[in-house]
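In: got a predicted model here, sequence first, then my questions.
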Amino acid sequence: MAIDFKSIPIIDVSPLLAKCDDPKMGEDPGVCRVVKQLDQACREAGFFYVKGHGVPESLFNEVKIIAHEFFDLPYEEKLKIKLTPAAGYRGYQRIGENITQGKPDMQEAIDCYKEFNQGMYGALGKPMEGCNQWPLNPPNFKSSMEEYINLCTDLSRNIMRGIALALGGSPYEFEGERAGDPFWVLRIIGYPGQEHDIGCGAHTDYGLLTLINQDDNITALQVRNMSGEWISVPPMPGSFICNVCDMLQIFSNGVYESTVHRVVNNSPKYRVSLPYFYETNYDTVVEPLDICRHRSGAGTAKLIGRAVYGEHLVSKVKNNFAI
Ligand SMILES: N=C(N)NCCCC[C@H](N)C(=O)O
Ligand SMILES: O=C(O)CCC(=O)C(=O)O
Ligand SMILES: [Fe+2]
């Protein structure tokens with residue numbers, strides 16, 4: 001990020017969504033205004049609130065309610081869907097099992113990944129092969145989450161059209177071979193209250209864009225600005241928090257950076273948060289877009305330059321678990 005931001009901008013994406021299937025969307029004044037806001041937010045903070053997103057409020061809230069219901073269950077019940085490497089790292093992980101920068105995170109979670117056919121990506125895909133492990137209780141867990149994932153996927157594709165325009169490209173830069181068959185990750189996370197400890201250590205996210213849906217009334221997510229200050233991102237009911245991830249940093253040649261963030265739940269209340277991660281195609285080779293090669297952001301020092309998304313994901317996932 002290029003500045004010492006103190007707060008996170010709010011973007012109403014509804015004018016973008018209204019025109020997102022029109023190839024001439026880039027000429028629409030409403031779209032242009034959203035694109036300008038996206039460009040500024042991605043350059044300056046790498047984080048922004050998204051309102052006017054069209055995900056029904058009932059489902060937006062329901063997924064958090066059923067997450068609370070699941071985490072309230074006895075430990076033995078949750079262990080029925082235990083995450084293992086043999087299950088493609090899908091399922092439930094207990095408090096302290098996920099590791100960030102060598103330290104256990106004070107969180108429990110269910111990890112879900114897009115399912116794909118065995119052998120589809122050869123050795124590159126092998127570690128992530130498996131079926132998602134859904135709890136049977138609460139009974140509507142799987143159907144609600146799947147409906148939610150589909151809506152998050154559509155929304156992310158449309159925000160990426162706006163970001164493609166913001167980078168000076170066609171709306172479709174992130175479709176086809178790059179992200180026309182997008183991989184996705186959903187983490188359903190619970191953070192116990194009064195831990196005064198790190199719920200999730202400082203990190204960046206791996207793919208293109210994250211959409212975070214967090215509990216109302218608890219401020220725990222923090223984003224690091226240019227001078228290293230941690231800026232709190234309080235919940236804004238009904239809105240997502242969206243952030244730039246590692247693959248978008250590479251595609252944009254560092255014009256947009258994946259911003260470091262962490263979670264500290266100091267409140268006495270148990271907090272849930274559901275980050276949905278919108279990624280490239282699993283086997284995409286990610287390199288700076290031609291339209292970005294002639295310019296670069298302020299922080300090119302940490303630029304990776306080139307990556308195969310699936311390799312990046314697998315190396316991160318293996319590091320996250322000492323199992
Ligand atoms: N799929 C994504 N992006 N997950 C983000 C998890 C960040 C924490 C993880 N332990 C880490 O150190 O990366
Ligand atoms: O708990 C949150 O709100 C965010 C968690 C997060 O950053 C992550 O899992 O990547
Ligand atoms: Fe994150």
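Out: Right, received. Where do you want to start? Ligands and ions are numbered 1, 2, ... in the order given.
In: flag every buried residue along the helix or strand hosting residue 68.
Out: Under the criterion of DSSP states H and E, residue 68 resides in helix 57-71. Neighbour counts over helix 57-71 (16 or more other Cβ atoms under 10 Å) mark 60, 62-64, 66-67, 70-71 as buried. Every residue, glycine included, has its C-beta placed from N, CA and C.
In: got the residues of the stretch 51-200 of the chain near ligand 2?
Out: 187, 189, 200 (Cβ under 6 Å from any ligand atom).
In: what is the neighbour count of the closest residue to residue 3 other than its chain neighbours?
Out: With sequence-adjacent residues excluded and distances taken as Cβ to Cβ, 6 or more residues apart in numbering, residue 3 is closest to residue 44, at 4.9 Å. For residue 44, the neighbour count with other Cβ atoms under 10 Å is 20.
In: model confidence for residue 44, exactly?
Out: Note on residue 44: pLDDT of 95.
In: cool, and residue 56?
Out: With respect to pLDDT, residue 56 scores 98.
In: so what's the residue count around it?
Out: By the criterion of other Cβ under 10 Å, residue 56 has 11 neighbours.
In: which ones among the residues of the stretch 51-200 of the chain next to ligand 2 map onto strands?
Out: Residues of these located in strands (DSSP state E): 187, 189, 200.
In: surely residue 295 touches residue 288?
Out: No: in this structure, residue 295 is not within contact of residue 288 by Cβ atoms under 8 Å, at 9.7 Å.
In: show me which of these two is the more surrounded one.
Out: Neighbour totals were compared for residue 295 and residue 288, and residue 288 leads with 20 against 13 (other Cβ under 10 Å).
In: which residues are in contact with the more buried one?
Out: Residue 288 sits next to 250-253, 305 when contact means Cβ atoms under 8 Å, 6 or more residues apart in numbering.
In: closest one of the residues you listed to residue 21?
Out: Nearest to residue 21 among these is residue 251, at 22.4 Å by Cβ to Cβ.
In: ok so, going back, any idea how far the residue nearest to residue 3 lies from ligand 2?
Out: 19 Å (Cβ to the nearest ligand atom, to the nearest Å).
In: with respect to residue 316, which of the contacts of residue 288 is nearest?
Out: Nearest member of the contacts of residue 288 to residue 316, counting by Cβ to Cβ, is residue 250, at 14.7 Å.
In: quick check: pLDDT value at that closest one.
Out: You'll see residue 250 listed with a pLDDT of 95.
In: now do residue 303
Out: 53.
In: secondary structure element for the nearest residue to residue 305 once chain neighbours are set aside?
Out: Of all residues not flanking residue 305 in the chain, residue 250 sits nearest, at 6.9 Å (Cβ to Cβ, 6+ apart). Using DSSP H and E, residue 250 maps to helix 246-251.
In: show me where the stretch 101-250 of the chain dips below the pLDDT cut-off.
Out: Residue ranges of the stretch 101-250 of the chain with pLDDT under 70: 195.
In: what parts of it come near ligand 1?
Out: Counting by Cβ under 6 Å from any ligand atom, the stretch 101-250 of the chain sits next to ligand 1 at 185, 200, 203, 205-206.
In: rerun at 5 Å
Out: Contacts of the stretch 101-250 of the chain with ligand 1, taken as Cβ under 5 Å from any ligand atom, map to 185, 203, 205-206.
In: could I get those residues as a markdown table with secondary structure and neighbour count?
Out: Output for these, formatted as a markdown table (DSSP: H, G, I helix; E, B strand; the rest coil; neighbours: other Cβ atoms under 10 Å):
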| residue | secondary structure | neighbour count |
| --- | --- | --- |
| 185 | strand | 21 |
| 203 | strand | 16 |
| 205 | coil | 23 |
| 206 | coil | 22 |
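In: which members of the residues you listed are the farthest-apart pair?
Out: Top of the distance list for those (Cβ to Cβ): 185 and 203, 13.5 Å.
In: just the terminal-to-terminal distance for stretch 266-281.
Out: Its start and end residues considered, stretch 266-281 measures 37 Å (Cα to Cα, to the nearest Å).
In: please identify the buried residues of that stretch?
Out: Using 16+ other Cβ under 10 Å as the test for burial, stretch 266-281 gives 267, 270-281.
In: in this structure, what residue comes closest to ligand 2?
Out: residue 273 (3.4 Å; Cβ to the nearest ligand atom).
In: not counting its neighbours along the chain, what's nearest that residue?
Out: In this structure, residue 273 finds its nearest non-sequential neighbour in residue 214, 4.2 Å apart by Cβ to Cβ, 6+ apart.
In: what's the answer for residue 96, then?
Out: Sequence neighbours aside, residue 104 is the residue nearest to residue 96 in space, at 3.8 Å (criterion: Cβ to Cβ, 6+ apart).
In: ok, that neighbour touching residue 93?
Out: No: between residue 104 and residue 93 there is no contact under Cβ under 8 Å: 10.5 Å.
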